[in-house]
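Visitor: Show me the folded form of this:
(2 chains)
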Amino acid sequence: MAKAAGRSFNADIAAGTLALCGIAGFVLAAIFPLLRIGSSGLTEVIFSARTLYILQFTLWQAFLSTALSILCAIPVASALARRPQFPGRIWIVRLMAAPMGLPALVGAFGILAVWGRQGILNDGLNALGFERPISIYGLSGILVAHVFFNWPLAARLILAGLERLPPQYWRLSVSLGMGSWQIFRFVEWPAILRLLPGIAGLIFMLCATSFTLVLLLGGGPASTTLEVAIYQALKFDFDPPLAVALSLLQVGLMGLLLAALSLMPSAQEDRALTQMGYRRYDGAGLSMRLLDGVFILALVVFCASPLVAVAAKGVSASIVDLTARPLFWRAAGTSALIAGSAALISVFLAYCLSVARFTLGENKAGYARLLSALMSGAGSLILVVPPVVLATGWFLVLRGRGESLPIILVTIINALMALPFAIRVLEPAIVSHRLRVERLAQSLGILGLARLRIVDWPVLRKPLAMGWAFAAALSLGDLGAVALFGGNQIVTLPWLMYSSLGSYRSDDAAAIAFLLAIICLTLAIAGAPRGTQEKAI
Amino acid sequence: MRKITISLLTAAAALTVSATSHAADKVLTVYTYESFTAEWGPGPKVKEAFEKSCGCEVNFVGVEDGVALLNRLKLEGEETKADIVLGLDTGLIADAKATGLFAPADVDTSAVSVPGGFSDEVFVPYDYGHFAVVYDTEAMQNPPKSMQELVDGDASQKIVIEDPRTSTPGLGLLLWVKSIYGDKAGEAWSKLKDRVLTVTPGWSEAYGMFTNGEAPMVLSYTTSPAYHMIAEDTDRYQAASFSEGHYIQIEVAGRTKTSENPELAKRFLSFMVSPAFQDIIPETNWMFPAAKTSAPLADAFDKLVHPENTFLMSAEEVSANRKAWVDEWLAAMGTR
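Guide: Okay, here's the model as predicted:
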């Protein structure tokens, strides 16, 4: 028995180590060929006052965006956790996964339809007699956009964490006579606090590497992120070593930040043996219900209104014409293929890394902790390696070999970009599941495939589906990796949308945007299947 | 699950390969930007017309835009598969020549006629357009009549422009302002700054914001209204004619010295300045043809702004000063 247990431990760690090497190898293979090309102004740019300024702005807006998103997300997640059953709840949970998959440009147009100079908000103010339009361009515009994308994301991840808490907590807290506030203070908040480093790190990285939103809503070049400088270095100045150096600067800074965040209390999950029905006994009072209603409504209105604007514009446009064209279906097929496979790879890597880290967590030796930290770092930091750098590097590696390689590369790059999301969804679930069943499964001798089928699959099915849906939505909206290889070889839906927009065909672009939003919502349904909760109760 | 992924990937691979594997004696590979190869772009028609007479197959490889085209060549170097590179503009040809990958065109270009009289040994022009401020007649009754009026005008009437660090039209506006204001360009920009609603990464985003009604003006081309007049049957969007003159963008093509089919490549360049090619350009690429077409252009093109004065800086001047001018722009726009 001990021997068998030892073997399974090693298999977990081996899988995680392989995943880690794969990720690192993929990045390094892209970077080295780029460094061989001559650079004109590497040191001059890296140590310039402008780079410092861009850095400051990048970090400042990312900090504010993250703080706002999380501050808004906590009461909403708590409200939704308190009310596991009300009509339409499942749709709100699904809605929260929808913005993430939208291409940034679609989100931006949706936000402008609500918040822009000619948007609904200004129309309303105008009707009330206000003369000058309020303008969101500048830092405020960037914040609105980042909160639109990340508030629901944070709320979704926190809610998932709260729903994982042992149901005994709720019964116990009520029998102790705790009110909603005390439950929040003594049960929910400690749980949220453990989740925050991971969620904050993810959102911070997303906002720090924001490109289109920052330029579009920032109102001018004073709003510039490091990602813009990297794109400029690679594209307009064609200075690959500078682009690599700026990317390393970005990765290094985010690495420091994540290291600092990891000093916060980490996700030490509870050992509870039984997973019973989720039911809450608190918050029945009218004032509490009103308050929760207000928070939930605020999120729904804030996130749904730009989506509705996108839909309204898309429906009025020529959807029928668009869907009659073979090119559209080709693009839809390619998108589905890339997003679906990228999400599978992503979830698989996330599973390997999470399982390995869990197993390594039992081992207090120095090498084990280092390996675990490396896995955690690689799984997160891959997000801030600019896809355009990876794509350019790999283009050099392959140079003309293999006609079908670009689509595989795009898929891999998308998979890596979605990995941090998949990990955020999967890892907590895997940890709490393993804590619950590890020893029992071992003592019963349920191992290998049998274990996967009997013990792991029934419980992990839901988080796996959610991780897959998150990753698929994210890859679906991606343009970056495709743009470099792009052209007639790989036509995806976002590419077709950009291409239409770039040829004056804004109606087609609006229709594609609408369809993308629909697909994202469909994926969100896949990620939040109905049933688990109802069945449990 | 994994089986499905693999078979899907194989299917996709088969799809991409089959698109390029028609049997033909010779293949002419043309690198260009993606809107040229789009279903509704000039690409499909150009391919059809040239294949009628060349006994070859035209294979387009589309990348994002002109700058990406040049970068792709730099990345590929001598191993490039391109016979023809189509879609660079006049601002990029100094850098393009510096790659040493291009051969002299060696074809008769006497049919070419572009404002400003551009001609080059290596690169052959195929279309052109002037940069212009396009405005929404429903939102703006009195558009600026000069760059001066744009700079000094009512700051509440906003314009969306493109970023010169990431887009060709953005760089075009920078050069346009520089051509008019010279050393005072920085001052002009710091005045214009208040009128700029936002600076987008590329033309698509800016034009999308404009047609969504977010701003009454956008930096685009004199030819943009032709699309709306012909394809959408509306006069709503018009270009403002500026009294100082307009900066021109001339799109060019060249042949590579690494090409295995130099004669075929030359034939393509000749074909490019013939009416058979030029007829296709106006209503698919929405630019002015650089040489004679077989029939007069649609009426809408007569209604467009035809600038009396054309600005064009030499590629060497642009290449040498671009960084300094972008820095000047950044400083004026409020960045340290």
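Visitor: from here on, contacts and neighbour counts on C-alpha atoms
Guide: OK.
Visitor: Buried residues, stretch A:425-435. List them.
Guide: By neighbour count on 16 or more other Cα atoms under 10 Å in any protein chain shown, the buried set for stretch A:425-435 is A:425-435.
Visitor: Dump that stretch to PDB, restricted to CA.
Guide: Coordinates of each C-alpha in stretch A:425-435 appear next as PDB, following Å, rounded to 0.1, in the frame of the first residue of the first chain:
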ATOM      1  CA  VAL A 425     -10.900  27.900 -11.100                       C
ATOM      2  CA  LEU A 426      -9.400  24.400 -10.700                       C
ATOM      3  CA  GLU A 427      -6.800  24.600  -8.000                       C
ATOM      4  CA  PRO A 428      -9.000  25.600  -5.000                       C
ATOM      5  CA  ALA A 429     -11.500  22.900  -6.000                       C
ATOM      6  CA  ILE A 430      -8.700  20.300  -6.400                       C
ATOM      7  CA  VAL A 431      -7.200  21.200  -3.100                       C
ATOM      8  CA  SER A 432     -10.400  21.000  -1.100                       C
ATOM      9  CA  HIS A 433     -11.400  17.800  -2.900                       C
ATOM     10  CA  ARG A 434      -8.000  16.100  -2.300                       C
ATOM     11  CA  LEU A 435      -8.000  17.100   1.400                       C
END
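Visitor: Any idea how far that stretch is from the middle of the chain?
Guide: Average the C-alpha atoms of stretch A:425-435, do the same for its chain, and the two points are 18 Å apart (Cα atoms, centre = their mean, to the nearest Å).
Visitor: Low-confidence ranges, chain B, go.
Guide: Counting by pLDDT under 70, chain B contains low-confidence ranges at B:1-24, B:335-336.
Visitor: Can you pull up the most central residue in it?
Guide: B:E251 (5.9 Å; Cα atoms, centre = their mean).
Visitor: which ones among the buried residues of stretch A:425-435 are found in helices?
Guide: Taking DSSP state H as the definition of helices, those contribute A:425-435.
Visitor: what's the neighbour count on residue 56?
Guide: As the question left the chain open, I've gone with chain A. Other residues lying near A:Q56 total 15 when counted by other Cα atoms under 10 Å in any protein chain shown.
Visitor: look at chain B instead
Guide: 17.
Visitor: residues contacting the residue nearest the centre of chain A?
Guide: Most central in chain A under Cα atoms, centre = their mean is A:F421, positioned 4.3 Å from the mean C-alpha point. For A:F421, the contacting residues are A:202, A:467, A:470-471, by Cα atoms under 8 Å, 6 or more residues apart in numbering or on different chains.
Visitor: Can you tell me the element it falls in?
Guide: Element membership for A:F421, per DSSP states H and E: helix A:405-444.
Visitor: hmm, back to that, of the ones in helices among the buried residues of stretch A:425-435, which is the nearest to chain B?
Guide: Proximity of these to chain B, judged by Cα to the nearest Cα, is greatest for A:L426, which lies at 18.4 Å.
Visitor: thinking that closest one is in contact with A:S354, fair?
Guide: Yes - the pair A:L426 and A:S354 passes the contact test of Cα atoms under 8 Å, sitting 7.4 Å apart.
Visitor: possible to save the buried residues of stretch A:425-435 as JSON lines with pLDDT?
Guide: As requested, these are exported to JSON lines (pLDDT from 0 to 100):
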{"residue": "A:V425", "pLDDT": "85"}
{"residue": "A:L426", "pLDDT": "89"}
{"residue": "A:E427", "pLDDT": "87"}
{"residue": "A:P428", "pLDDT": "83"}
{"residue": "A:A429", "pLDDT": "85"}
{"residue": "A:I430", "pLDDT": "87"}
{"residue": "A:V431", "pLDDT": "84"}
{"residue": "A:S432", "pLDDT": "81"}
{"residue": "A:H433", "pLDDT": "85"}
{"residue": "A:R434", "pLDDT": "84"}
{"residue": "A:L435", "pLDDT": "83"}
